[in-house]
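Chemist: give the three-dimensional model of this entry:
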Amino acid sequence: QVKLVESGGGLVQAGGSLRLSCAASGRAFDNYGAGWFRQAPGKEREFVAATDWSGHTTYYADSVKGRFTISRDNANNRVYLLMNSLKPEDTAVYYCAADQGVPLTTATIPLISHWGQGTQVTVSS
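Modeler: Now for the predicted structure:
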């Protein structure tokens, strides 16, 4: 089992930046793909960004491409999401996720094995 704990959320003005961190514990985290999802009030959870086990291959939702950067530090079992040029529509609870065999996408949300508890990001206009 892998336990995921997010941190780094908060309140920021539009145009600002935040860096989310996901700490993983348990089984060898470098065997897992990892990523970030978000869920805004009244909306479904959606994919934001993901990386393969090495961190060399990354994927982004179109809505965050060019503004968000995902990275990972396998030596310290961490995954990060750097969010720049934040917009009010980025307001949501952000969740860290990990899985060994399931691709991390919006469509595969029901199949993903490991989730964190979420961290709130609020962007004011």
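Chemist: what sits against the residue nearest the centre of the chain?
Modeler: The residue lying closest to the centre of the chain (C-alpha atoms, centre = their mean) is residue 36, at 1.9 Å. Applying C-beta atoms under 8 Å, 6 or more residues apart in numbering, we find residue 36 in contact with 20, 22, 48, 49, 50, 70, 79, 81, 94, 95, 96, 97. For the C-beta atoms, the positions are set from N, CA and C on the backbone; glycine is no exception.
Chemist: now the residues you listed as CSV including distance to residue 104, pLDDT and secondary structure?
Modeler: Converted to CSV, the contacts of residue 36 look like this (distance: C-beta to C-beta, whole Å; pLDDT from 0 to 100; DSSP: H, G, I helix; E, B strand; the rest coil):
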residue, distance to residue 104, pLDDT, secondary structure
20, 15, 98, strand
22, 12, 98, strand
48, 10, 98, strand
49, 9, 98, strand
50, 4, 98, strand
70, 10, 98, strand
79, 11, 97, strand
81, 13, 98, strand
94, 14, 98, strand
95, 11, 98, strand
96, 10, 98, strand
97, 6, 98, strand
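Chemist: residues contacting the residue nearest to residue 35 when sequence neighbours are not counted?
Modeler: Counting by C-beta to C-beta, 6 or more residues apart in numbering, residue 50 is the residue found nearest to residue 35 once chain neighbours are left out, at 3.1 Å. Neighbour list for residue 50: 33, 34, 35, 36, 58, 59, 70, 103, 104, 105 [criterion: C-beta under 8 Å, 6+ apart].
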